[in-house]
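Trainee: need coordinates for the below:
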Amino acid sequence: LVDTIYHAPLTLIIRPMPSSGQKNLPNQQSTTAFKRAQVRYRRQGGDPDRIDDLNEFIDFSFPEADARIQLITDKCSIPGKCDSSHKRGVYGLKDYPGLLYIPQELSPDVQLSLAYHAVTDYCESPHATNIDLQPPKAHEIVSSDESVWNLWKRQHSCAGSAPLSRKKYYKCFEKLSWATSGYQYDWTARAYHEQAKSPVPPLLREIANYFATMALQLEQGTADTKFCPSACIVNYYNEKSIMGGHRDDLELAFDKPVISLNLGLPGVFLLGGSTKDEAVIPILIRPGDVLIMGGKIRMNYHGMARVLSHRVNLPTPLPKEIYYSFEYTTKVPEDDVTHVQNFLRDHRININVRQVLPDGVLSIPEMRK
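Mentor: Numbers count the residues shown, from 1 in each chain. You can find the predicted model right below:
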């Protein structure tokens, strides 16, 4: 594989990594600060499980250890949403107003339910995926009666079956990078279209509303807030996946936050400024963490430098005892629990939700269609 040139945000790319950190380094004068940060913190082929840079990461699971982290609130203030026993640490960064981070906020059951839907429902019709953009190749098998998830289970339940593993399927997790629901993003035109959309899944709508309401109340200081989840992107990572620096700048409601839910493997998230030449900070993202980008940093550049393998031993925070429960959390079928857990052992899933249109606007204006 070679470096991929891409023109749309949230495109996952997979690159071969140099065996040494001294190879293929960018010219300091000709590259941006964001590119240099991606090279610094990326996965290295010769040492794929390295954590020699761990002390540079902002780790919100240990907020007292980093002076850059500030506590925003430790209470749930949404009326009717949680009782007095539900306390949480909502954190921010002193130099990045509008960034909110809630470590370990999603319960194990919610994480499992989200992951199950991500591999079974969110990547199937009527939702769209990156695979749909290209027709099947001549050697690829098109299976109209088998889901991507069932294929993955068959392949991994028959580990000794060489003929099955050698088959090339048109729709499979090896090719899946993203799936969209709600307004489906047009990666070529870099736009949303009124006619291209599918229903926003109920669980994603409920979770996004909950965290967006909290973020908007903290930002505006009032309980009278609105948020309409209307576009969802599910990103599927393996251990070699990265995401280039980009801005979420194509919605029409920039006063509404982007809600980011993290499942599976941890990763190194890069947060920059309003240009790619501004300072970049690395943040350690763990499963169950919720990241919210709103306010002044809603349009900041960001990306993923690397995904950390399950072989990496990270400091372990104390587990939470109380979680908020979501009505639309579904119980994963017993036969699928182990399969989902095995998938998450080698993959990272990020789900982000945003509001596309300003309050009171019911469709995309003609000039944006």
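Trainee: for the longest helix anywhere in the chain, buried residues please.
Mentor: Ordering each helix of the chain by length in residues (DSSP state H) puts helix 202-220 first. For helix 202-220, a neighbour-count test (16 or more other Cβ atoms under 10 Å) marks 203-205, 207-219 as buried. Every residue, glycine included, has its C-beta placed from N, CA and C.
Trainee: now stretch 295-305
Mentor: Applying 16+ other Cβ under 10 Å to stretch 295-305 flags 295, 297-298, 300-305 as buried.
Trainee: which stretches in the stretch 151-300 of the chain count as strands?
Mentor: Ranges of strands in the stretch 151-300 of the chain, per DSSP state E, counting those that start in this stretch, are 178-182, 231-237, 241-246, 258-264, 267-271, 281-285, 290-293.
Trainee: list the strands paired with the third one, with their directions.
Mentor: Going back to what we said before, that points to strand 241-246. Applying DSSP bridges, strand 241-246 is found paired with strand 12-14 (antiparallel), strand 302-307 (antiparallel).
Trainee: extract the C-alpha trace of the helix or strand harbouring residue 70 and format it as PDB.
Mentor: Remark: residue 70 resides in strand 69-75, with elements defined by DSSP states H and E. Taking Å, rounded to 0.1, in the frame of the first residue of the first chain, the C-alpha atoms of strand 69-75 are listed here in PDB:
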ATOM      1  CA  ILE A  69      -6.500  19.200  32.700                       C
ATOM      2  CA  GLN A  70      -9.200  21.100  34.500                       C
ATOM      3  CA  LEU A  71     -12.400  19.800  36.100                       C
ATOM      4  CA  ILE A  72     -15.500  21.300  34.600                       C
ATOM      5  CA  THR A  73     -18.100  19.600  36.700                       C
ATOM      6  CA  ASP A  74     -18.600  16.500  38.700                       C
ATOM      7  CA  LYS A  75     -22.400  16.400  38.700                       C
END
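Trainee: elements contacting it?
Mentor: strand 87-93 (3 or more Cβ pairs under 8 Å, 6 or more residues apart in numbering; DSSP states H and E).
Trainee: list of residues touching the helix or strand following the strand it packs on?
Mentor: Once the chain leaves strand 87-93, the next helix or strand it forms, by DSSP H and E, is strand 96-102. The set of residues external to strand 96-102 that reach it, using Cβ atoms under 8 Å, 6 or more residues apart in numbering, is 60, 72, 88-93, 211, 214-215, 218-219, 257, 271, 281, 283, 289-298, 300.
Trainee: next secondary structure element downstream of strand 96-102?
Mentor: With elements assigned by DSSP H and E, the helix or strand that comes after strand 96-102 is helix 108-120.
Trainee: quick one: the longest helix of the chain to helix 108-120, angle?
Mentor: 120 degrees (axes from the mean of the first three to the mean of the last three Cα atoms, to 10 degrees).
Trainee: elements contacting helix 202-220?
Mentor: On a contact count with 3+ Cβ pairs under 8 Å, 6+ apart, helix 202-220 meets strand 96-102, helix 108-120, strand 258-264, strand 290-293, strand 348-354.
Trainee: where in the stretch 1-150 of the chain is pLDDT low?
Mentor: Residues of the stretch 1-150 of the chain that meet the criterion pLDDT under 70 lie in 1-29, 76-87.
Trainee: could you rerun that using 50?
Mentor: Where the stretch 1-150 of the chain drops to pLDDT under 50, the residues are 1-23, 84-85.
Trainee: residue 109 and residue 324 touch, don't they?
Mentor: No - in this structure residue 109 lies outside contact range of residue 324 using Cβ atoms under 8 Å: 11.4 Å.
Trainee: name the element residue 345 belongs to?
Mentor: For residue 345, the host element (DSSP H and E) is helix 334-346.
Trainee: what is the mean pLDDT for that helix?
Mentor: When pLDDT is averaged over helix 334-346, the result is 96.
Trainee: with stretch 277-290 instead?
Mentor: The model assigns stretch 277-290 a mean pLDDT of 97.
Trainee: can you give me the end-to-end span of that stretch?
Mentor: 27 Å (Cα to Cα, to the nearest Å).
Trainee: how near is the closest residue to residue 169 other than its chain neighbours to residue 75?
Mentor: Among residues not flanking residue 169 along the chain, residue 141 sits closest, at 5.0 Å (Cβ to Cβ, 6 or more residues apart in numbering). According to Cβ to Cβ, to the nearest Å, residue 141 and residue 75 sit 53 Å apart.
Trainee: same question for residue 359.
Mentor: 27 Å.
Trainee: same question for residue 41.
Mentor: For residue 41, the distance to residue 75 (Cβ to Cβ) stands at 34 Å.
Trainee: who's more crowded, the two?
Mentor: residue 41 (20 against 12; other Cβ atoms under 10 Å).
Trainee: rewinding a little: ok, residues contacting the longest helix of the chain?
Mentor: Residues outside helix 202-220 that contact it (Cβ under 8 Å, 6+ apart): 72-73, 76-78, 81, 90, 98, 100, 102, 110, 113-114, 117, 181, 223, 225-227, 229, 232, 256-257, 259, 261, 290, 292, 294-295, 324, 326-330, 351, 353, 355.
Trainee: go with 7 Å
Mentor: 72-73, 77-78, 81, 100, 113-114, 117, 223, 225, 227, 229, 232, 256-257, 259, 261, 290, 292, 294-295, 326-329, 351, 353 (Cβ atoms under 7 Å, 6 or more residues apart in numbering).
Trainee: can you select the buried ones from those residues in PyMOL?
Mentor: Here is the PyMOL command that selects the buried residues among the contacts of helix 202-220 (16+ other Cβ under 10 Å):
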select buried, resi 72+73+78+100+113+114+117+225+227+229+232+256+257+259+261+290+292+294+295+326+329+351+353
